[in-house]
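Asker: need a structure here:
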Amino acid sequence: MDGTEERDPRLNAPDRLPEKVKEVWDEIVATNDIAGTVDRQALEAYCFLVSRLREAESRIDEEGMVVRDSRGKVQAHPALEVARKLNEQVRTWGDRFAPLVRPTRKRGYMADATAAAIANSPHLQGDAGKKYTGLIAAARTQAWMIDEAQRDSMEALNDAVVKILPQYVKTCSELQITPAALSAGAAPEPPKQDKGVSGGSNVSSFQERANRRRQAG
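Answerer: Prediction:
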């Protein structure tokens, strides 16, 4: 997310949070694709854990790993045990809110249109959208790969049309969203689908089916 892009208000930290916790919240939002799928209550709890862990580590850095008790006896800094327990709690979250390790993604039509379609689909938001988390990530990645292929070369784009576009359309079908269309004139006609592949690659017909599913649901 760049400085000129307006952030989804659902990703703003609650006003009641302490500033240090808000800082953690903003860091996580900036390094994850969680728009529309974030569990705010879970994210808040995670941010408190990380903030407290940082506070404990800061005290250790400032005061050292050993301190003297009231009788002058040297002992391990109490914050070491606090930090250890907090680290264990943070690890139990796995990579749920960990920064994504990925190449820098340039903005592209397919990725932007896909993100907009996901954000504008009520059934993909909040608790109802949790079951779609994996499919949402797949659709975003596939759209980005198609954008990258368009930037690369016609050969790469031809390869993407054959290998990635059918998967992308199928993923969009499972998400019940209308897939982004390749920019006019940017790509050759998609190949016909094998009979064993569901969903088809005709975007116009897919749009009609997606609209019918949404109206029926």
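
Asker: helices or strands next to the helix ranked longest in the chain in the packing?
Answerer: Of all segments of type helix in the chain, defined using DSSP state H, the longest is helix 40-63. On a contact count with 3 or more Cβ pairs under 8 Å, 6 or more residues apart in numbering; DSSP states H and E, helix 40-63 meets helix 19-30, helix 78-91. All C-beta spots, glycine's among them, are computed from the backbone N, C-alpha and C.

Asker: mind checking those for the one nearest to residue 40?
Answerer: Relative to residue 40, the nearest member of these by Cβ to Cβ is helix 19-30, separated by 9.5 Å.

Asker: what is the mean pLDDT for the closest one?
Answerer: Helix 19-30 shows a mean pLDDT of 89.

Asker: buried sites along that helix?
Answerer: When burial is assessed from 16 or more other Cβ atoms under 10 Å, helix 19-30 yields the following buried residues: 21-25, 28-29.

Asker: relative to helix 40-63, how tilted is that helix?
Answerer: Here helix 19-30 runs at an angle of 120 degrees relative to helix 40-63 (axes from the mean of the first three to the mean of the last three Cα atoms, to 10 degrees).

Asker: from the chain's centre, how far out does helix 19-30 sit?
Answerer: Its chain's C-alpha centre lies 15 Å from the corresponding centre of helix 19-30 when counted by Cα atoms, centre = their mean, to the nearest Å.

Asker: other SSEs contacting it?
Answerer: Under the contact definition 3+ Cβ pairs under 8 Å, 6+ apart, helix 19-30 sits against helix 40-63.

Asker: now the angle between helix 78-91 and the helix it packs on, please.
Answerer: Going by the same axes, to 10 degrees, helix 40-63 makes 150 degrees with helix 78-91.

Asker: what secondary structure does the residue located most distally from the centre of the chain sit in?
Answerer: Outermost residue of the chain with respect to the C-alpha centroid, by Cα atoms, centre = their mean, is residue 71; its distance is 51.6 Å. Reducing the assignment to helix, strand or coil with DSSP: H, G, I helix; E, B strand; the rest coil, the entry for residue 71 is coil.

Asker: which residue packs closest to residue 48, ignoring adjacent ones?
Answerer: The spatially closest residue to residue 48, leaving aside those adjacent along the chain, is residue 21, at 5.7 Å (Cβ to Cβ, 6 or more residues apart in numbering).
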